[in-house]
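> this is a predicted model, with the sequence first.
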Amino acid sequence: MTETRSTSSALLMLNLALQQGFTAQQCLAATGMSRELLSDANATIQARQELALIKNLAKLDSSQRLALTAGPHYHLTTYGIWGFALATSANLRSALEVGLNYLELTFSFCSITLHEEGNLAYLQVEARHLPDASQRFVVERDLSAAINIHRELFSPIMPIDDVHFRWDKALPDSFYEQVLGLLPKFKQDKNVVTFKRGLLDTPLPGANEASRKILIAQCQQLLQNRLKDSSTALKVRELIIANLDRQVDMESVAAQMCVSLRTLRRMLSNEGTSFRTLINSVRETLALELIQGTNLSLEDIACRLGYADTANFFHAFKRWQGLTPNHFRKTKR
């Protein structure tokens, strides 16, 4: 678990708690966070702050409903590059390999492992290092989020054989069936999702090995930077992604980081990179994913990547890949 993370997950849980009638003061007590901070897409928080929020929510929510409600709100797109890497994997096995190898890029506080035995595969989700209330919350949140991600990876929906929890049932059968797709078994030895082993080798509809390699490299770089916990390049990359459709430039990023243009240029140079390198890397990665994984028009893709002129996007893409976007899309399909 890396120390620094975006506010996305904490804001998601806070908003769900507010919808259930809890107050921001109750939820954010002793977390060092405010609604204003969490609403700032460019802000970051510490993992311990999100855990403090989870501790509060686990105490407030006696119905045990909030954690399972939160899980399905974590989509592949919620996780950025990590989610794109899963979506472009050849099959579920390779997607899980990427997902588990780079689990620290997610918002999970759990240990997640894959086991195979006979005709079945087991995805086990545990958080025994946390107090009981927080442990149940993060396991139910992360396990239901994992099921939701699996559903988004597959078309049609991936069938699940069973779900086991180590604690007692707290909610009506209909609620579990609505969120998880089936009624779990309770008071079991492990928290686990069970499915047919053969599904691990089922091809994924968004598979693309070239994109996957690029995205895995991005995941590796993000993880290295995040573990350093002080990477200017990581912060700049995140700001570029957050503001990409607004024609983001170095001046606006420097302003959001509260440093001068000269200082930001020097900080990036000290890390062996530049703003132009970072924005081109982000644009190339997302361009490959959008061209191969969606039916968006090339004009829409250019707009999403922050190009005011589609022709400039075409020139940049040909420089990256040696092909025009049209030719690249036809070739890969």
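Good, I have the coordinates.
> measure residue 177 to residue 298 for me?
Taking C-beta to C-beta, to the nearest Å as the criterion, residue 177 is separated from residue 298 by 43 Å. C-beta coordinates here come from the backbone N, C-alpha and C atoms, glycine included.
> not counting its own residues, what contacts stretch 298-310?
The set of residues external to stretch 298-310 that reach it, using C-beta atoms under 8 Å, 6 or more residues apart in numbering, is 244-248, 283, 286-287, 290-291, 294, 296, 312-314, 316, 325-326, 329.
> again, but for stretch 268-277
By C-beta under 8 Å, 6+ apart, the list of residues contacting stretch 268-277 from outside reads 231-233, 236, 250, 253, 264-265, 278.
> of those, which pair is most distant in space?
Spanning the widest gap among those are 231 and 250, at 16.8 Å by C-beta to C-beta.
> which pLDDT value belongs to the residue nearest the centre of the chain?
Central residue check for the chain by C-alpha atoms, centre = their mean: the C-alpha nearest the mean position is that of residue 79, 1.4 Å away. pLDDT, residue 79: 90.
> dihedrals phi and psi, the residue nearest to it when sequence neighbours are not counted?
Once flanking residues are discounted, residue 79 sits nearest to residue 106: 5.6 Å by C-beta to C-beta, 6 or more residues apart in numbering. When read as degrees, to the nearest 10, the backbone of residue 106 gives phi -100, psi -170.
> related to what we said a few turns ago, the residue nearest to the centre of the chain against residue 104, yeah?
No - between residue 79 and residue 104 no contact is recorded; they are 11.5 Å apart, counting by C-beta atoms under 8 Å.
> coming back round to it: residue 177 and residue 298: which has the busier surroundings?
Neighbours of residue 177 and residue 298, each counted by other C-beta atoms under 10 Å, are more numerous for residue 298; the result is 18 against 12.
> count the neighbours of residue 146 for me.
With neighbours defined by other C-beta under 10 Å, the count for residue 146 comes to 21.
> now do the contacts for it.
71, 112, 123, 125, 193.
> that one is in what secondary structure piece?
Assigned by DSSP states H and E, residue 146 falls within helix 132-153.
> and that helix, how far out from the chain's middle?
Using C-alpha atoms, centre = their mean, to the nearest Å, the distance from the centre of helix 132-153 to the centre of the chain it belongs to is 13 Å.
> contacts made by the helix or strand just after it with the rest, please.
Following helix 132-153 in sequence order, the next helix or strand is strand 162-164 (DSSP H and E). Identification of contacts with strand 162-164 by C-beta under 8 Å, 6+ apart yields 143, 147, 180, 182, 184-186, 188-194.
> most neighbours out of those, which is it?
Using other C-beta under 10 Å as the neighbour definition, the contacts of strand 162-164 reach their maximum at residue 143, which records 27 neighbours.
> list the contacts for it?
Residues touching residue 143, when contacts are defined by C-beta under 8 Å, 6+ apart, comprise 71, 125, 163, 191, 193.
> surely residue 223 and residue 106 touch.
No - here residue 223 does not reach residue 106: they are 10.9 Å apart, not a contact under C-beta under 8 Å.
> which one of the two has more residues nearby?
Set side by side, residue 223 and residue 106 give different neighbour counts by other C-beta under 10 Å, the larger being at residue 106 (24 against 18).
> hang on, the earlier thing: just the contacts of stretch 268-277: which are in helices?
Counting by DSSP state H, those place 232-233, 236, 250, 253, 264-265, 278 in helices.
> closest one of those residues to residue 99?
Proximity of the ones in helices among the contacts of stretch 268-277 to residue 99 was ranked by C-beta to C-beta; the top entry is residue 233 with 23.7 Å.
> ok, that closest one - contacts?
Contact analysis of residue 233 by C-beta under 8 Å, 6+ apart lists 225, 268, 271, 273, 278.
> now the second one. Its backbone dihedrals?
As for residue 268, its main-chain torsions (degrees, to the nearest 10) stand at phi -70, psi -40.
> one more: residue 125?
Here is the backbone geometry of residue 125 (degrees, to the nearest 10): phi -130, psi 120.
> for residue 162, see how far away it is.
Shown here: residue 125 relative to residue 162, a distance of 13 Å by C-beta to C-beta.
> and the buried ones among the ones in helices among the contacts of stretch 268-277, selectable in PyMOL?
Isolation of the buried members of those (16 or more other C-beta atoms under 10 Å) is achieved in PyMOL through the command below:
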select buried, resi 232+233+236+250+253+264+278
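> which among the contacts of stretch 298-310 count as buried?
Using 16+ other C-beta under 10 Å as the burial test, the contacts of stretch 298-310 include 244, 248, 283, 286-287, 290-291, 313-314, 316, 325, 329 as buried.
> restricted to helices, list those.
Mapping the buried ones among the contacts of stretch 298-310 onto helices (DSSP H) picks out 283, 286-287, 290-291, 313-314, 316, 325, 329.
> put together JSON lines for the residues you listed, with distance to residue 32 on each row.
Written out in JSON lines, the entries for these read as follows (distance: C-beta to C-beta, whole Å):
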{"residue": "283", "distance to residue 32": "35"}
{"residue": "286", "distance to residue 32": "33"}
{"residue": "287", "distance to residue 32": "38"}
{"residue": "290", "distance to residue 32": "37"}
{"residue": "291", "distance to residue 32": "42"}
{"residue": "313", "distance to residue 32": "42"}
{"residue": "314", "distance to residue 32": "47"}
{"residue": "316", "distance to residue 32": "41"}
{"residue": "325", "distance to residue 32": "45"}
{"residue": "329", "distance to residue 32": "47"}
